[in-house]
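Participant: Have a look at this prediction, sequence included:
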Amino acid sequence: MTLHSTPIPGLIVIEPRVFGDDRGYFFESLRRDVLPAEVPEFVQHNESMSKRGVLRGLHFQAPPRAQGKLVSVVRGAVYDVAVDIRVGSPTYGQYFGLRLDAETKKRLYIPAGFAHGFLTLEDHTVFQYLCTDYYAPELEGCVKFDDTDLGVDWSAIWNSDEAFTVSAKDQVGQAFAAFKSPFTYGG
């Protein structure tokens, strides 16, 4: 298992070593002893299945129940995006995006203090995320996925004229310019 840093402090791409032969494959999907000490324990495991073109996000859960997430794709592929919403961070308002898919089995660790979303690139995509705190609906928030101040280029990986499918809740996410983040950067 190899850890790769990203241009945004705290985000970590995890690339497992996959062993395959004519029977199938094997890989370690998580090793606590390989992750940095500042990564909290995971207490909840979520899974979603989406058709092609579903865009979910940009979501976060506020303190005191803020969630870090370890995200991966079991089947299909997504374009995964994390936006730094930690006030005082040198990368505040910047995003990092990458393709996660069942073939490469890469994972992304997203600490608390980020808004997260993804766009499914294939039908029946199964997306999993381990969370560092339990779901608390009263603390969930959403930043508008297509906010021009963020500049997330969802279409860069979307080779289609088809519109994305976005939930009513996500369509009315908060504008970034008016957003008052509950997170601060710890250095």
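Facilitator: Done, it's in. Here the structure is a predicted model, which is why all the values come from computation and not from measurement.
Participant: phi, psi of the most far-flung residue of the chain relative to its centre?
Facilitator: Computed with C-alpha atoms, centre = their mean, the residue of the chain farthest from its C-alpha average is D22, at 32.2 Å. The phi and psi values for D22, taken as degrees, to the nearest 10, are phi -70, psi -10.
Participant: count of neighbours near R32?
Facilitator: If you count neighbours by other C-beta atoms under 10 Å, R32 ends up with 9. C-beta: built from backbone N, CA, C; applies to glycine.
Participant: Would you quantify the distance from it to P40?
Facilitator: Remark: distance between R32 and P40 (C-beta to C-beta, to the nearest Å) = 11 Å.
Participant: end to end, how far does stretch 20-37 reach?
Facilitator: By C-alpha to C-alpha, to the nearest Å, the extent of stretch 20-37 from end to end equals 30 Å.
Participant: Show me what counts as buried in it.
Facilitator: Neighbour counts over stretch 20-37 (16 or more other C-beta atoms under 10 Å) mark L35 as buried.
Participant: residues in contact with that stretch?
Facilitator: Contacts with stretch 20-37, where a contact means C-beta atoms under 8 Å, 6 or more residues apart in numbering, come from 1, 3, 12, 16-19, 70, 72, 105, 107, 109, 130.
Participant: before we move on, back to that, shared neighbours, R32 and P40?
Facilitator: Common neighbours of R32 and P40, counting by C-beta under 8 Å, 6+ apart, are absent.
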